[in-house]
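# can't give you the sequence, but here's the structure:
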Ligand SMILES: Cc1cc2nc3c(=O)[nH]c(=O)nc-3n(C[C@H](O)[C@H](O)[C@H](O)COP(=O)(O)O)c2cc1C
């Protein structure tokens, strides 16, 4: 039986409508599960850089992911600092989202600080428009860090670090001792670098090299930590060796990316860190 063009177009249109509706329903239905998975991923990595054994994290995940979230909430406290080094209450940021963009307060209260900051950054252009300012004028330049305080005692400051490697963004966390100078540990948890080459950046043999390294030189100036091409100990000695780690063979560009974004990110936090170091220095 012959069918006309109208039937063909109507059939194609119907298929398109059915497919888009199913995709929209699936995306909406799966969104809460995706949000929880992303939240757990961030939490797992923060726990890991703070020294929680990976097996314990995996065991808590298996038993009940809520347990992992509870461990995180009990021991880690988010702090948000603006570009003038003012510690900004999370409530202030939530209120901005509620009043300017009509976000639901109760829904925001269910979210973690790192999710609130992410929303704020994603919606920056809308927030700026609502305030009648350019993004540059409006942007408070929020920086987020975590204080790891098991039993109320400050153990580490944890800072997110991220930037381009060779292929795409690399995301990580670095933990600093309370002196805000010595590296306790580092994790690179999300990247697209080639396995066996730049992808080695997430392996313990590479990240362990950062332990004990210093971000300040002996004069107290910020120098960051750089990834060398080859072995750090063959290229540097004495105090200088405090600021270099071994490179990845076949992953030099990844290493250069890590060097660059560590300098940028830690440099951005360093001004605020300096206010803490100065406040805590013995008189
Ligand atoms: C398929 C392919 C994948 C690569 N992946 C990476 C990578 O993830 N990171 C990186 O730095 N270099 C990667 N490279 C190598 C770079 O092109 C470059 O040669 C390398 O960074 C130089 O490092 P080396 O001096 O240690 O050999 C890749 C090369 C090829 C052909």
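The structure has been received and is ready for your questions. Bear in mind that the values here come from a model prediction, so they are computed numbers and not experimental data.
# Distance-wise, check the residue in the chain that the ligand sits nearest to relative to residue 220.
As assessed by Cβ to the nearest ligand atom, the ligand sits closest to residue 198 within the chain, at 2.6 Å. Yep, even glycine has a C-beta here, placed from its N, CA and C like the rest. Counting by Cβ to Cβ, to the nearest Å, the gap from residue 198 to residue 220 is 33 Å.
# Those two - which one has more neighbours?
residue 198 (25 against 9; other Cβ atoms under 10 Å).
# could you say which helix or strand contains the nearest residue to that one once chain neighbours are set aside?
In this structure, residue 198 finds its nearest non-sequential neighbour in residue 254, 3.1 Å apart by Cβ to Cβ, 6 or more residues apart in numbering. For residue 254, the host element (DSSP states H and E) is helix 252-280.
# Also residue 42?
Using DSSP H and E, residue 42 falls within helix 5-49.
# Which strands or helices does the following helix or strand past that helix pack on?
Per DSSP H and E, the first helix or strand lying C-terminal to helix 5-49 is helix 54-63. Applying 3 or more Cβ pairs under 8 Å, 6 or more residues apart in numbering; DSSP states H and E, one finds that helix 54-63 contacts helix 5-49, helix 65-75.
# Turn those helices into TSV, columns for distance to the ligand, mean pLDDT and mean neighbour count.
Shown next, in TSV, are these (distance: least, Cβ to the nearest ligand atom, whole Å; pLDDT from 0 to 100; neighbours: other Cβ atoms under 10 Å):
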stretch	distance to the ligand	mean pLDDT	mean neighbour count
helix 5-49	20	83	13
helix 65-75	30	91	16
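# near the ligand, which residues of the stretch 101-250 of the chain show up?
Within the stretch 101-250 of the chain, the positions adjacent to the ligand are 166, 193-194, 197-198, 249-250 by Cβ under 6 Å from any ligand atom.
# who wins for most neighbours among these?
residue 198 leads those on contacts (other Cβ under 10 Å) with 25 neighbours.
# quick one: the strands in the stretch 151-283 of the chain?
With strands called from DSSP state E, counting those that start in this stretch, the stretch 151-283 of the chain shows them at 156-164, 169-176, 183-190, 226-227, 244-245.
# and these as a markdown table, adding mean pLDDT?
As requested, those are arranged in a markdown table below (pLDDT from 0 to 100):
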| stretch | mean pLDDT |
| --- | --- |
| strand 156-164 | 96 |
| strand 169-176 | 96 |
| strand 183-190 | 94 |
| strand 226-227 | 95 |
| strand 244-245 | 95 |
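# got a markdown table for these, with mean neighbour count too?
As requested, the strands of the stretch 151-283 of the chain are exported to a markdown table (neighbours: other Cβ atoms under 10 Å):
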| stretch | mean neighbour count |
| --- | --- |
| strand 156-164 | 20 |
| strand 169-176 | 22 |
| strand 183-190 | 21 |
| strand 226-227 | 22 |
| strand 244-245 | 22 |
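# now these in TSV, with distance to residue 109?
Below are those laid out as TSV (distance: least, Cβ to Cβ, whole Å):
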stretch	distance to residue 109
strand 156-164	22
strand 169-176	25
strand 183-190	27
strand 226-227	41
strand 244-245	41
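# just so I know, which of those lies nearest residue 114?
Among the strands of the stretch 151-283 of the chain, strand 156-164 comes nearest to residue 114, with 7.9 Å by Cβ to Cβ.
# The closest one pairs with which strands, and in what direction?
Its sheet considered, strand 156-164 pairs with strand 143-148 (antiparallel), strand 169-176 (antiparallel) by DSSP bridges.
# so residue 250 makes contact with residue 199?
No - using Cβ atoms under 8 Å, residue 250 is not in contact with residue 199; the gap is 10.1 Å.
# so what's residue 180 scoring on pLDDT?
Residue 180 carries a pLDDT value of 94.
# Turn the strands paired with strand 156-164 into JSON lines, columns for distance to residue 34.
Output for the strands paired with strand 156-164, formatted as JSON lines (distance: least, Cβ to Cβ, whole Å):
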{"stretch": "strand 143-148", "distance to residue 34": "21"}
{"stretch": "strand 169-176", "distance to residue 34": "17"}
